[in-house]
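Colleague: sequence-free structure coming up:
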Ligand code: 2B7
């Protein structure tokens, strides 16, 4: 073996001390030492092993596969630059992954800054601390995206590099980032050219069980061939790694001169399309430099996606090239709508409407791209937006103009998406308003859980104790209970401002949710039945009449539309042994005493003093359970509403003499109770 430089090796592999930093301590730079010059500094790999997450985003399977991406990206750079025509990817039994290209081969000459080391060793063992290699020869089109192959080296238990250059084969090996051999000449290679990197990810970093997923590596390798039609990718995988049923072949060759159009076809298989044809194209050297390729299909059903790439590197978080694409498609479609006299319909369109369930691939090649974000997954280069927008826009205009019927389908479909979006937003707004109204419900209301008015009932009860019984007796899903304390304000005689201030009535109006007076809106009523449930005595009747007056005056429509009811609680309970019967009134009681019981023994008669004293079960069985109860619907009898108004005024108004006269006249009832 020939030690080419005599300086490399495990013992002498330490980087030369650099001003302002002591690698021996491996410490971080002090604030004072941190100057512009330090940014250019290359440092050793200890930081990578100490904090792998900072360099490859973690130590999980994603991070592991990132190592492969890092290596193949270097080969792709050589291919895209026109120096390599093929790349071999081999997954080996022992967990090794090897990548070979037929490019120019990593430089092996002494590095200008570290004359005792080869460029190869510097590339493999020194962390590129943030600036750039200042020699143009080492510039990658991946730019700052690639964390560098030295990170792969740092995180590999073993790694070997072979370079075939000038008919000579060079070789150097490493362990956990440190050289285990110097760069040596391994022989002559008259027919070989390029670089080989073979490595085994370190189980100390990724875990003892960590392995490359053949399917994932396969897909990553294949996608490179789709992204750059000028390269052939040769795939090899140890048979023991692929199960019998797996879709991963042990050997394959990828070469896709059809590029993204072919890639997309494979991705969407035979899904139905909105426009029958795929919109695909390629513009080389668009603008000053850089090229753009795209393939887009609008899927009739199912989820869409946008996969974007820069220099064959996936940009999972999008960026400027994706924005350029979105702008081009939206403006193109809107302008087309203008041309065919449909601009009004297309006015509301947004990029999301045009891109909804659209399967899109966009790939650009530019020099010195800039990436941002945690995983450097977003392209930042501003020029890329203009580059893509210009290229795609031109082609899209032609595509739309050349196939008017497809263009019409796409336009109609996009407008439908916009309408759907606007409808959804309105529904959301309504739901939000309903939620806000719910928040404003009075504290005393025990609301039902059903949110729809249909089939739900509000029981207005007298006093907190009756309220308590009613809450126990109710069906929570459909029955709400609002207790009112004592006599409520007489609406017919009270002044307007007093009405507005009255807590009881304002609680009631809030619970109903439909407003009052001129602002009453039936469609907002929160319940189907409003049931007044007062004690079966004179006071109870009075409260009921006050409430009815309130509804009559404030929400007449509610009565007209048949929403107002009176509950009919019993007055007596008759018990003989285990059997109980309930009586509505005196007459009912007499009837039951005569014929209601068959057995012998005393019949116990108890008179309910109030609903609050009634056991919840009895209240449910007699008054609240829709299957067993009696309800009276409050209805307007007089067709002539003036006559009704006059009657209410005389009965409930502020002049007692009018009330007295009314009763004296025994005028026909204005309000009638209809047994239901
Ligand atoms: C920034 C560094 C990593 N590099 C070169 C030249 C060719 C070359 C490489 C490579 C991965 C697995 C096989 C340029 C670039 C270093 O500078 S890296 N090929 N292939 C590679 O890593 N493949 C190069 C200019 C003139 N001669 C050679």
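Modeller: Structure's in. What do you need? Quantities reported herein were computed from a predicted structural model and do not represent experimental measurements.
Colleague: Every contact and neighbour count from this point should use C-alpha atoms.
Modeller: Noted.
Colleague: Can you tell me which helices and strands the regular element (helix or strand) spanning residue 64 packs against?
Modeller: Assigned by DSSP states H and E, residue 64 belongs to helix 61-80. Packing partners of helix 61-80 (3 or more C-alpha pairs under 8 Å, 6 or more residues apart in numbering; DSSP states H and E): helix 53-56, strand 86-91, strand 97-101, helix 149-154, helix 214-227.
Colleague: what about it, average pLDDT?
Modeller: Looking at helix 61-80 alone, the average pLDDT works out to 95.
Colleague: what comes up buried for that helix?
Modeller: 63-80 (16 or more other C-alpha atoms under 10 Å).
Colleague: Show me what from this structure comes close to the ligand.
Modeller: 71-72, 74-75, 78, 99-101, 103-107, 137-140, 195-197 (C-alpha under 6 Å from any ligand atom).
Colleague: picking up where we left off before, pick out the shakiest of the helices and strands packed on helix 61-80, pLDDT-wise.
Modeller: For the helices and strands packed on helix 61-80, where the average pLDDT is lowest is helix 53-56, sitting at a mean of 88.
Colleague: so how far is it from its chain's centroid?
Modeller: Centre-to-centre, helix 53-56 and its host chain are 27 Å apart (C-alpha atoms, centre = their mean, to the nearest Å).
Colleague: How about residues contacting it?
Modeller: Outside helix 53-56, the residues within contact range by C-alpha atoms under 8 Å, 6 or more residues apart in numbering are 48, 59, 63, 66-67, 147, 151.
Colleague: can you rerun that using 6 Å?
Modeller: For helix 53-56, contacts defined as C-alpha atoms under 6 Å, 6 or more residues apart in numbering pick out residue 63.
Colleague: Report the buried residues of it.
Modeller: Buried residues in helix 53-56 (16+ other C-alpha under 10 Å): 55-56.
Colleague: Once you drop chain neighbours, what's closest to the residue of the stretch 151-300 of the chain found nearest the ligand?
Modeller: Nearest residue of the stretch 151-300 of the chain to the ligand: residue 196, at 3.9 Å (C-alpha to the nearest ligand atom). Using C-alpha to C-alpha, 6 or more residues apart in numbering and skipping the chain neighbours, the partner closest in space to residue 196 is residue 100 (4.2 Å).
Colleague: who's the one you found bridged to?
Modeller: Beta-bridge pairing for residue 100 (DSSP bridges): residue 88, residue 196.
Colleague: And for it, the neighbour number?
Modeller: Residue 100 is flanked by 25 other residues according to other C-alpha atoms under 10 Å.
Colleague: quick one on the thing from earlier: so what angle separates the directions of the helix holding residue 64 and helix 214-227?
Modeller: 30 degrees (axes from the mean of the first three to the mean of the last three C-alpha atoms, to 10 degrees).
Colleague: now helix 61-80, how far from the chain's geometric center?
Modeller: That offset, for helix 61-80, works out to 31 Å (C-alpha atoms, centre = their mean).
Colleague: Ok, stretch 538-551 next?
Modeller: 52 Å.
Colleague: what's the answer for stretch 190-210, then?
Modeller: That offset, for stretch 190-210, works out to 38 Å (C-alpha atoms, centre = their mean).
Colleague: Could you do stretch 411-431 as well?
Modeller: On C-alpha atoms, centre = their mean, the centre of stretch 411-431 falls 17 Å from the chain's centre.
Colleague: Okay, buried residues for it please.
Modeller: Buried residues in stretch 411-431 (16+ other C-alpha under 10 Å): 411-419.
Colleague: ok so, going back, most neighbours per residue, which of the helices and strands packed on helix 61-80?
Modeller: With neighbours taken as mean count of other C-alpha atoms under 10 Å, the helices and strands packed on helix 61-80 reach their highest mean count in helix 149-154, at a mean of 27.
Colleague: Helix or strand next in line after it, which one?
Modeller: Following helix 149-154 in sequence, per DSSP H and E, is strand 156-165.
Colleague: quick one: low-confidence parts of the stretch 501-650 of the chain?
Modeller: 501, 638-640, 649-650 (pLDDT under 70).
Colleague: What about residue 375, how many residues nearby?
Modeller: 15.
Colleague: where does whichever residue of the stretch 351-500 of the chain sits closest to the ligand fall, helix, sheet strand or coil?
Modeller: Residue of the stretch 351-500 of the chain nearest the ligand, by C-alpha to the nearest ligand atom: residue 368 (12.4 Å). Of the three states, residue 368 takes coil according to DSSP: H, G, I helix; E, B strand; the rest coil.
Colleague: and the gap between it and residue 68?
Modeller: Counting by C-alpha to C-alpha, to the nearest Å, the separation of residue 368 from residue 68 is 21 Å.
Colleague: ok, now residue 387?
Modeller: The spacing between residue 387 and residue 68, counted by C-alpha to C-alpha, is 30 Å.
Colleague: Residue 103 now?
Modeller: To residue 68, residue 103 is 18 Å away according to C-alpha to C-alpha.
Colleague: What sits closest to residue 65 if chain neighbours are left out?
Modeller: Nearest one to residue 65, counting by C-alpha to C-alpha, 6+ apart, is residue 212 at 6.8 Å.
Colleague: Next: residue 541.
Modeller: residue 534 (7.1 Å).
Colleague: The one you found: how many residues sit nearby?
Modeller: Number of residues near residue 534 (other C-alpha under 10 Å) recorded here: 25.
Colleague: got the contact list for it?
Modeller: If you count contacts by C-alpha under 6 Å, 6+ apart, residue 534 has them with 461-462, 540.
Colleague: at 8 Å what do you get?
Modeller: By C-alpha under 8 Å, 6+ apart, the residues touching residue 534 are 460-462, 540-541, 543-544, 567, 569, 611.
Colleague: Likewise for residue 527?
Modeller: Counting by C-alpha under 8 Å, 6+ apart, residue 527 makes contact with 452-458, 512.
Colleague: Now, those residues that are in helices?
Modeller: Members of the contacts of residue 527 lying in helices (criterion: DSSP state H): residue 512.
Colleague: Just the contacts of residue 527: which are in strands?
Modeller: Per DSSP state E, strands hold the following members of the contacts of residue 527: 457-458.
Colleague: mean confidence for the helix ranked longest in the chain?
Modeller: Criterion DSSP H: the longest helix present in the chain is helix 404-439. What helix 404-439 shows for mean pLDDT is 85.
Colleague: Run the chain-centre distance for that helix.
Modeller: With C-alpha atoms, centre = their mean as the basis, helix 404-439 stands 17 Å off its chain's centre.
Colleague: what's it packed up against?
Modeller: For helix 404-439, the elements it packs on are helix 343-346, helix 351-355, helix 383-402, judged by 3+ C-alpha pairs under 8 Å, 6+ apart.
Colleague: Just the buried residues of the last one, please?
Modeller: By that I understand helix 383-402. For helix 383-402, by 16+ other C-alpha under 10 Å, it's 384-393, 395-397, 399-400.
Colleague: residue contacts, the residue of the stretch 151-300 of the chain closest to the ligand?
Modeller: Per C-alpha under 8 Å, 6+ apart, neighbours of residue 196: 98-101, 160-163.
Colleague: Looking at those residues, which two lie furthest apart in space?
Modeller: Spanning the widest gap among those are 101 and 160, at 14.4 Å by C-alpha to C-alpha.
Colleague: if we can go back for a sec, let me have the contacts of residue 527 in a markdown table, adding distance to residue 335 and neighbour count as columns.
Modeller: Below are these laid out as a markdown table (distance: C-alpha to C-alpha, whole Å; neighbours: other C-alpha atoms under 10 Å):
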| residue | distance to residue 335 | neighbour count |
| --- | --- | --- |
| 452 | 45 | 13 |
| 453 | 47 | 16 |
| 454 | 48 | 13 |
| 455 | 51 | 12 |
| 456 | 52 | 22 |
| 457 | 55 | 22 |
| 458 | 56 | 27 |
| 512 | 50 | 20 |
